[in-house]
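> Turn this into a structure:
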Amino acid sequence: MRKLLLIVLICALALTACRPAVPAEPFDEFGQYEDWADSVGYESGALVPEGMDGPNQDRYLTPAAEPGYDSGRIVIGDSRCCQLGIYAQRAGIGDFAVYAAWGGHYLSEARPAILTDAAWQRIESCFKRQIEKRGKCTVFLFATVNDYDHTMNANEANIGACIAAAERLAGLTATVGGKEYSPRLVIIGFAGCKKGEPFYGMQDTDFNRYVDDYTAELRRRIEADEALKGSVIAFTSVEEIIGGDADFINDNLHYGDRTLKLLAEYVSSFK
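Next comes the predicted model:
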């Protein structure tokens, strides 16, 4: 009997070890992110206040002491990537570093900028550390919904700004042991707003109508970009990754925990 109980215990521990980490409490309201920022984010040093009323315009910047800093994976993007960093911290996942701006843009004339000089220095330092520790680095560049024209589909400059960010990231280099390394890039298109519900006074169909066009054109231009040949190892979208419609918190714009969990698992799957 004692041997049988031991076998059962070992099996239970093995199942627990294989089960993906999830936060103890689901976040489905924007106010929970505000509370998290005040009670955990700022104190931990991962969330840096830059806006007048957090977490809007705040930055998620993985500190060098966190496990994700040495992981071999870097996530870059807007508030939804801030959410991804927060999700990982809530769930105790140390599989990737995150450098993102809530409400952030790649478009140079828009604010807040995702790739400020200060943010770039952090990204560059993290990249070099990951090459030293892992001998490789995969950068996941998320296109931002903030650089998206839902009114007339005038997205040429918006898409161009995302591609310029990808080219800049592809140009990162680190030399270790006499060998020069560059990052692998994964480009990810965004989901729009929650389908089937009004969004800030407009119909969801009005806001979402050009998202597929944006993603298709971004993919086309990425694949045709000679500067990115050999650097981009995958192009996908949030809805391709999760296998359907994204879920959202109560503002109908920011991703819910189900989507964040699947995105975190996707990023973590790259070896």
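> only C-alpha atoms for contact and neighbour calcs from this point on.
Will do.
> Specify the local secondary structure of residue 31.
helix (DSSP: H, G, I helix; E, B strand; the rest coil).
> Neighbours of it, how many?
A count of nearby residues for residue 31, using other CA atoms under 10 Å, gives 14.
> For residue 168, see how far away it is.
35 Å (CA to CA, to the nearest Å).
> Repeat that for residue 159.
Separation of residue 159 from residue 168 (CA to CA): 14 Å.
> so which strand or helix has residue 132?
Per DSSP states H and E, residue 132 falls inside helix 117-134.
> same question for that helix, mean pLDDT?
Averaged across helix 117-134, pLDDT comes to 98.
> same for whichever helix or strand comes after that helix, what does it pack against?
Sequence-wise, the next helix or strand downstream of helix 117-134 (DSSP H and E) is strand 138-142. The elements that strand 138-142 packs onto, with contact taken as 3 or more CA pairs under 8 Å, 6 or more residues apart in numbering; DSSP states H and E, are strand 73-77, strand 184-189.
> would you turn the ones you listed into TSV with mean neighbour count and distance to residue 44?
Formatted as TSV, those follow (neighbours: other CA atoms under 10 Å; distance: least, CA to CA, whole Å):
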stretch	mean neighbour count	distance to residue 44
strand 73-77	26	19
strand 184-189	22	28
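> Can you check which of those gets nearest to residue 267?
Distance to residue 267, taken as CA to CA, is lowest for strand 73-77 among these, at 7.6 Å.
> ok and whichever helix or strand comes after that closest one relative to strand 138-142, angle-wise?
Using DSSP H and E, the helix or strand that follows strand 73-77 towards the C-terminus is helix 79-91. Between helix 79-91 and strand 138-142, the angle comes out at 130 degrees (axes from the mean of the first three to the mean of the last three CA atoms, to 10 degrees).
> Check the residue nearest the centre of the chain and give its pLDDT.
Centre of the chain computed as the mean C-alpha position; nearest residue by CA atoms, centre = their mean is residue 81, 3.4 Å away. We have a pLDDT of 98 for residue 81.
> mind listing what it touches?
Applying CA atoms under 8 Å, 6 or more residues apart in numbering, we find residue 81 in contact with 75, 98-101, 142.
> repeat for residue 152
Neighbours of residue 152 in contact, by CA under 8 Å, 6+ apart: none.
> Against residue 215, how distant is it?
15 Å.
> Residue 28 too?
Using CA to CA, residue 28 is found at 26 Å from residue 215.
> Show the contacting residues for residue 157.
Neighbouring residues of residue 157 by CA under 8 Å, 6+ apart: residue 107.
> The helix holding residue 132 relative to strand 73-77, how many degrees between them?
Angle, helix 117-134 to strand 73-77, by the same axes, to 10 degrees: 160 degrees.
> thinking again about what came up before, how about a markdown table for the helices and strands packed on strand 138-142, with mean pLDDT and distance to residue 21 added?
Formatted as a markdown table, the helices and strands packed on strand 138-142 follow (pLDDT from 0 to 100; distance: least, CA to CA, whole Å):
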| stretch | mean pLDDT | distance to residue 21 |
| --- | --- | --- |
| strand 73-77 | 98 | 18 |
| strand 184-189 | 98 | 23 |
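> Thank you, goodbye.
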